[in-house]
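Trainee: sequence and predicted structure are below.
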Amino acid sequence: MLDQAFVRSQFPAFSQPSLVGQALFENAGGSYPCQQVTDRLARFYRERKVQPYYGFEASRLGGEEMDAARAGLAGYLGVGVDEVSFGPSTTANTYVLSQAFRQMLSEGDAIIVTNQDHEANTGPWRRLALSGIEVRQWSVDPESGHLDVDDLAELLDERVRLVCFPHCSNVVAEINPVAKITAMIRAAGAVSCVDGVSYAPHGLPNVAELGADIYLFSSYKTYGPHQGVMVVARALAERLPNQGHDFNGDSLTKKFTPAGPDHAQIAACTGITDYFDAVAAHHGCQSQIPVERGVFVHDLFREAEQRLLQPVLDYFSAKNNARVLGPLDALTRAPTVAVALPAPGAVVAAALAEHGIMAGDGDFYGGRVIRAMGEDPDKGLLRLSFVHYTAEQEIDQLLTALDAVL
């Protein structure tokens, strides 16, 4: 079982006087950074904020820290070091990828997107229609928000070159069967692009086992700095046109980075795997293989989250005037609970803030799925999202606050 006291001791936010009594339930928008990340970021700015990869010591050490971040994440994700790229955000990374595909695809080729996605993993791809690419939509069930793999099978044919879908939605939160879906896509001769932004905070996945050609997530939602992390399978990366400087076209870690990267924030990403290593060691994991430690930590996180999530789902399912978007079983979804209520989400969130609950409201860039499920994105939903460091007492605080507000 996850040692909650140990976990919370690793996050500076929980010792800040200004946050005492405040329970964060908008982790889907960004998690607290762990101590290992804030320490590395501060040290880089104090000691190594120079152009990296030159021969003098401060520059050499800065470059080594950036390389360590890429290697550390690659190890946990089960992929090659040269398959990991950094960018300013997942939205920016997706846009860059869409431009690379625009150059590689031909008029008449088809791609598939979903309406379950965050706009970042659907909008840039949909714009390829302006270049003569056919865009097909894999649509959710309007009642459940579920993506049926049989519906995808009907869309796949010899013209499809790319399929983009989420590991889980930041609104519906159902965990999609990624390995099954990517196998279907591969069998059809197409490429898979998986948006993992809403899943990765709950445990970094073994991307190799998932079979994804592209896997995207945001480090500021996985306890790190504001960066986008992008895995592109080596064979695909070599085929895609260069989007960086001309002289970087042969570097897989640079060809999808048009602008200069944020050196300090990349270096600070090493702190994410430092933290996961600390969690694994504290809980008795002895494996020397990073991806095995990743699986161990993933399972610890998921068990803790599921135990806390089910009471929240049960609370709303007992209310006639509340609709949780997505499944009501904690085993099948991430702990991101978007709820349609009679009052606008912003009104409810503001009332919860008076009780020390920091909640999200709005459409969360998921207007397509909200609209598809018959709700009004302009009215806005209430969203309550948490992660492994959320305490049982904070769940109690949330449910008490909901009783007072609803």
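Mentor: Right, received. Where do you want to start?

Trainee: I'd like the distance between Met230 and Ala200.
Mentor: Plainly put, Met230 is 12 Å away from Ala200 if you go by C-beta to C-beta, to the nearest Å. In this view, the C-beta of every residue, glycine as well, is placed from N, C-alpha and C.

Trainee: before we move on, what about Ile111?
Mentor: Relative to Ala200, Ile111 is positioned 23 Å away (C-beta to C-beta).

Trainee: ditto for Asp361
Mentor: Taken as C-beta to C-beta, the spacing of Asp361 relative to Ala200 amounts to 23 Å.

Trainee: between the two, who's got more neighbours?
Mentor: Between Asp361 and Ala200, counted using other C-beta atoms under 10 Å, the more crowded position is Ala200 (23 against 20).

Trainee: element containing the residue lying closest to the more buried one once chain neighbours are set aside, please.
Mentor: In space, not counting the residues next to it along the chain, Ala200 is nearest to Phe217; the distance is 3.8 Å by C-beta to C-beta, 6 or more residues apart in numbering. Using DSSP states H and E, Phe217 sits in strand 214-218.

Trainee: show me what that strand is packed up against.
Mentor: On a contact count with 3 or more C-beta pairs under 8 Å, 6 or more residues apart in numbering; DSSP states H and E, strand 214-218 meets helix 90-104, strand 191-195, strand 228-232.

Trainee: what's the second one in contact with?
Mentor: What that stands for is strand 191-195. By C-beta atoms under 8 Å, 6 or more residues apart in numbering, the surrounding residues in contact with strand 191-195 are 90, 94, 97, 117-118, 120-121, 125, 161-167, 178, 181-182, 185-186, 210-217, 236.

Trainee: quick check on those residues: which are buried?
Mentor: Buried members of the contacts of strand 191-195, counted by 16 or more other C-beta atoms under 10 Å: 90, 94, 97, 117-118, 120-121, 125, 161-167, 178, 181-182, 185, 210-217, 236.

Trainee: please enumerate residues in contact with stretch 54-68?
Mentor: Contacts of stretch 54-68 from elsewhere in the structure, counted by C-beta under 8 Å, 6+ apart, are 40, 44, 47-53, 261, 263, 266-267, 270.

Trainee: any idea of the mean pLDDT in that stretch?
Mentor: Confidence over stretch 54-68, taken as the mean pLDDT, stands at 97.

Trainee: now that stretch: buried residues?
Mentor: Buried residues in stretch 54-68, defined by neighbour count with 16+ other C-beta under 10 Å: Leu61, Gly62, Gly63, Glu65, Met66, Asp67, Ala68.

Trainee: let me know the closest of those residues to His226.
Mentor: For these, the minimum distance to His226 (C-beta to C-beta) is 15.7 Å, reached by Met66.

Trainee: quick check, that closest one in a helix?
Mentor: Yes: the assignment for Met66 (DSSP: H, G, I helix; E, B strand; the rest coil) places it in a helix.

Trainee: what separation do you get for it and Leu73?
Mentor: With distances defined as C-beta to C-beta, the gap from Met66 to Leu73 amounts to 12 Å.

Trainee: returning to what we had before: make JSON lines out of the buried residues of stretch 54-68 and add distance to Pro17.
Mentor: Formatted as JSON lines, the entries for the buried residues of stretch 54-68 read as follows, by distance: C-beta to C-beta, whole Å:
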{"residue": "Leu61", "distance to Pro17": "34"}
{"residue": "Gly62", "distance to Pro17": "33"}
{"residue": "Gly63", "distance to Pro17": "38"}
{"residue": "Glu65", "distance to Pro17": "31"}
{"residue": "Met66", "distance to Pro17": "34"}
{"residue": "Asp67", "distance to Pro17": "37"}
{"residue": "Ala68", "distance to Pro17": "33"}
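
Trainee: between these, which is nearest Gly345?
Mentor: Proximity of the buried residues of stretch 54-68 to Gly345 was ranked by C-beta to C-beta; the top entry is Met66 with 39.3 Å.

Trainee: distance check, that closest one against Leu406.
Mentor: Taking C-beta to C-beta as the measure, Met66 falls 48 Å from Leu406.

Trainee: partner residues bridging Glu174?
Mentor: Arg333 (DSSP bridges).

Trainee: neighbours of it, how many?
Mentor: Look at Glu174: counted by other C-beta under 10 Å, it has 22 neighbours.

Trainee: and the one 5 residues further on, by the same measure?
Mentor: Other residues lying near Ala179 total 14 when counted by other C-beta under 10 Å.

Trainee: now do it against Ala208, distance only.
Mentor: As for Ala179, its distance to Ala208 is 10 Å (criterion: C-beta to C-beta).

Trainee: please apply the same query to Pro166.
Mentor: Distance, Pro166 to Ala208, by C-beta to C-beta: 19 Å.

Trainee: also Glu392?
Mentor: When distances are taken as C-beta to C-beta, Glu392 and Ala208 turn out to be 35 Å apart.

Trainee: looking at these two, which one has more neighbours?
Mentor: Set side by side, Glu392 and Ala208 show more neighbours around Ala208, with 16 against 12, by other C-beta under 10 Å.

Trainee: can you read off the pLDDT for that one?
Mentor: 95.

Trainee: OK, contacts around it?
Mentor: Counting by C-beta under 8 Å, 6+ apart, Ala208 touches Leu77, Gly78, Val79, Val291.

Trainee: now do the contacts for the last one.
Mentor: The neighbours of Val291, taking C-beta under 8 Å, 6+ apart as the test, are Gly75, Tyr76, Leu77, Gly78, Asn206, Ala208.

Trainee: so it is in which element?
Mentor: helix 290-317.

Trainee: circling back: the contacts of Val291 in helices, which ones?
Mentor: Of the positions in those, Gly75, Tyr76, Leu77, Ala208 sit in helices, assigned by DSSP state H.

Trainee: can you pull the contacts of the second one?
Mentor: Looking back up the chat, that one is Tyr76. Contact analysis of Tyr76 by C-beta under 8 Å, 6+ apart lists Leu204, Thr273, Phe276, Pro290, Val291, Arg293, Gly294.

Trainee: now it: how far from Ala200?
Mentor: Going from Tyr76 to Ala200 by C-beta to C-beta gives 10 Å.

Trainee: what does Tyr95 give?
Mentor: Distance from Tyr95 to Ala200, counting by C-beta to C-beta: 19 Å.
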